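Chemist: coords please:
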Amino acid sequence: MHEIFINFRVMGAKPIAYEFKRVLEERFGEDSAFLAGGSIELGSNYVETLDNKVRRSSVLLALIGPDWLDVPDPKRRGRRALNNPADWVRRELETAFECGVLVVPVLLERKTEQLDPRRLPRSLSRLAECQFERFSQRTSTTDLTRLGDRLVRRVPELAALDRRPDARKKKAQEPAG
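Modeler: Residues are numbered from 1 along each chain as shown. So this is what the prediction gives:
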């Protein structure tokens, strides 16, 4: 089952999203992370699949780059993508909030600023209030390890899947019961 749903804009964050999937699956097991471009089965209804995967995830990681807020809507000139209720990034986030999925904003690179709720659609304003994590390509190994450690402490389903050597030691030392 996919415990982690990776939400991202294709423009700018696609390579980083694939890196997240690879590293998180190394740590938590194959199919523990869902990424639309690499996790939907051939011939599947992608609309239903995306909706179901968000609803059944334990955590949604929202990868937010420096231009994330102002990416233009490809279907309507002069409008931000986030202002379109049919925008996939927006839809996935709204579904996660509606279903009580833990949403973690991941701010990509140092120049990405913390979100301002006044710049978000009302349905996403609480995204600005979620504790965020930072990620930089320069420190990717350290950043992804820290993110994984924080997720293990917050999401019991991931703690049970943790493959890090020190995690196995801790599990072996826990009293049975």
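Chemist: tell me, what residue is most central in this structure?
Modeler: Leu61 (1.6 Å; Cα atoms, centre = their mean).
Chemist: for that one, helix, strand, or coil?
Modeler: Following DSSP: H, G, I helix; E, B strand; the rest coil, we place Leu61 in the strand state.
Chemist: which residue ranges of the chain form helices?
Modeler: Secondary structure of the chain by DSSP state H: the helices cover 10-28, 36-39, 46-56, 88-99, 140-154, 156-161, 165-173.
Chemist: list the contacts of Thr49.
Modeler: Residues near Thr49 by Cβ atoms under 8 Å, 6 or more residues apart in numbering: Ile40, Glu41. Any C-beta I mention is one placed from the backbone N, CA and C, and that applies to glycine too.
Chemist: 6 Å instead?
Modeler: By Cβ atoms under 6 Å, 6 or more residues apart in numbering, the residues touching Thr49 are Ile40.
Chemist: how much space separates it from Asp116?
Modeler: In this structure, Thr49 and Asp116 are 32 Å apart, going by Cβ to Cβ, to the nearest Å.
Chemist: again with Pro85
Modeler: According to Cβ to Cβ, Pro85 stands 20 Å off from Asp116.
Chemist: ok, the residue nearest to the centre of the chain touching Val104?
Modeler: Yes: counting by Cβ atoms under 6 Å, Val104 is a contact partner of Leu61 at 5.3 Å.
Chemist: neighbours around Leu124, how many?
Modeler: Counted by other Cβ atoms under 10 Å, the residues lying close to Leu124 total 19.
Chemist: once you drop chain neighbours, what's closest to it?
Modeler: Using Cβ to Cβ, 6 or more residues apart in numbering and skipping residues adjacent in sequence, the residue nearest Leu124 is Leu93, 5.7 Å away.
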